[in-house]
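Trainee: heads up, no residue letters with this:
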Ligand SMILES: C=C(O[C@@H]1C=C(C(=O)O)C=C[C@H]1O)C(=O)O
């Protein structure tokens, strides 16, 4: 039986995947499937994927079927650099307005709803759309875009629109980091395939550590060919904005996010946040 691993195609996730030994994985019948976050969330929930980087919000919706892997996440200490609310008007004028949401996210969509309800007490009309800023703003006052599209939009539009980094907003209001994505494995697969899941986890941890040791240099070289930008911009993104750990600090941020999502009826219960301890080194 092949094990299908979900690989997030956005640049933010690259440090977790860049140094994986894909030849070794293939020999072990482990295949990597590259998709956008919303597709990975669906794939793991439907059982098309066995283990995946998924939106932390999606974990809350399916926690009874999943196990959480330790030591891996896509988090931001403060500003995240790729999750923006772009707005025609200042955020203080967004009450009762229309906001378009990217259809590629789960965590950030719920995070925006939490932030605008809990800390601004706004009522907002939301519509989910493809992440094209011009189309989104055609009929809406603001839009939420994540990932590579957000990085490129910020670069092009930053002088014309108000932009709000959701990681920064979360940090200002709560003093906590925000965890956007985590690694989950389906419980039934974990029970059958503990050895292989452990091997995959080792590779992900190795990739995370090597990426940091090499100062993200080889991967930035590749990213620049596709997206431009200079080394210091991308280094800042990987090094200062993003964080790939899942330690107590990230867990505290995630726990509070879930509590607020529950308070505002976005999830039915706050999930249990206990990563698989047997996997720890
Ligand atoms: C930092 C990011 O993290 C992510 C945000 C996600 C979400 O909002 O559901 C899911 C996975 C990550 O890609 C980003 O996409 O910009």
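Mentor: It's in. It should be emphasised that the depicted structure is a prediction, and the values quoted were computed from it without experimental measurement. Residues are numbered from 1 along each chain as shown.

Trainee: Low-confidence stretches in the stretch 51-200 of the chain?
Mentor: Flagging of the stretch 51-200 of the chain using pLDDT under 70 yields the residue ranges 158-159.

Trainee: Quick one: the strands in it, in order.
Mentor: Taking DSSP state E, counting those that start in this stretch to define them, one finds strands in the stretch 51-200 of the chain at 51-55, 66-76, 83-87, 98-102, 125-129, 142-146, 162-165, 178-186.

Trainee: what would those strands look like in CSV with distance to the ligand and mean neighbour count?
Mentor: C-beta: built from backbone N, CA, C; applies to glycine. Formatted as CSV, the strands of the stretch 51-200 of the chain follow (distance: least, C-beta to the nearest ligand atom, whole Å; neighbours: other C-beta atoms under 10 Å):
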stretch, distance to the ligand, mean neighbour count
strand 51-55, 3, 28
strand 66-76, 5, 24
strand 83-87, 5, 26
strand 98-102, 8, 23
strand 125-129, 13, 14
strand 142-146, 4, 28
strand 162-165, 10, 19
strand 178-186, 4, 27
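
Trainee: export the ones you listed to JSON lines and tack on distance to residue 15?
Mentor: Converted to JSON lines, the strands of the stretch 51-200 of the chain look like this (distance: least, C-beta to C-beta, whole Å):
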{"stretch": "strand 51-55", "distance to residue 15": "11"}
{"stretch": "strand 66-76", "distance to residue 15": "9"}
{"stretch": "strand 83-87", "distance to residue 15": "17"}
{"stretch": "strand 98-102", "distance to residue 15": "22"}
{"stretch": "strand 125-129", "distance to residue 15": "29"}
{"stretch": "strand 142-146", "distance to residue 15": "17"}
{"stretch": "strand 162-165", "distance to residue 15": "20"}
{"stretch": "strand 178-186", "distance to residue 15": "12"}
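
Trainee: Figure out which of these is closest to residue 200.
Mentor: strand 51-55 (6.3 Å; C-beta to C-beta).

Trainee: Residue numbers of the protein in contact with the ligand?
Mentor: 8, 10, 12-13, 37, 55, 74, 80, 82-83, 105-108, 146-147, 150, 180-181 (C-beta under 6 Å from any ligand atom).
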